[in-house]
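**Q** coords please:
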Amino acid sequence: HVQLVESGGGSVQAGGSQRLSCTYTSSVTCMAWLRQSPGKEREVIAITKDGDGAFLMYADSVKGRFTISKDNAKNTLYLQMNSLTPEDTGMYYCAAHQFYCGWSAGPYLWGQGTQVTVS
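**A** The predicted structure is shown next:
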């Protein structure tokens, strides 16, 4: 299985920016960022798919503010987060799947997560 290690979380003021990174041991077709906010279920917020039919997709809650990117040369996935609000507070997980690139969190393999707190 691919191994995923997130970093870059921390505390940030509302309106600020944060960049999360995730190193992976081997590249897979579909990678995503998931978020679990207090009292809520884990949700997929951004997806990147490589290869044929490549795409980037965002949940409505982060569209226009967050950017997912992947550097296969560095085996690193990023999430650039701008215009952060307290509603963005949560644990952020890097996730991967060889074939599934959808909006359900369940099929993905994810890392240990990194906490982002916006106040």
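
**Q** Identify the bridge partners of residue 5.
**A** Beta-bridge partners for residue 5, by DSSP bridges, are residue 23.

**Q** pretty sure it is touching residue 76, no?
**A** No. With contacts counted by Cβ atoms under 8 Å, residue 5 stays clear of residue 76, the gap being 9.9 Å. All C-beta atoms are positioned from the backbone trio N, CA, C, and that covers glycine.

**Q** Find residues that contact each of the two.
**A** Common neighbours of residue 5 and residue 76, using Cβ atoms under 8 Å, 6 or more residues apart in numbering, are 22-24.

**Q** between the residues you listed, which is nearest residue 88?
**A** Distance to residue 88, by Cβ to Cβ, is smallest for residue 22 among those, at 17.2 Å.

**Q** confidence score at the residue lying closest to that closest one once chain neighbours are set aside?
**A** Distance criterion Cβ to Cβ, 6 or more residues apart in numbering; nearest residue to residue 22, sequence neighbours excluded, is residue 94 at 3.3 Å. Residue 94 carries a pLDDT score of 98 in this model.

**Q** how far away is residue 94 from residue 14?
**A** Remark: distance between residue 94 and residue 14 (Cβ to Cβ, to the nearest Å) = 24 Å.

**Q** Next, count neighbours for the residue nearest to residue 22.
**A** The number of residues packed near residue 94 is 29, by other Cβ atoms under 10 Å.

**Q** need the contact list for residue 1.
**A** By Cβ under 8 Å, 6+ apart, the contact list for residue 1 reads residue 109.

**Q** Going forward, the N-terminal residue is numbered 389.
**A** New numbering, starting at 389: the last item is residue 389.
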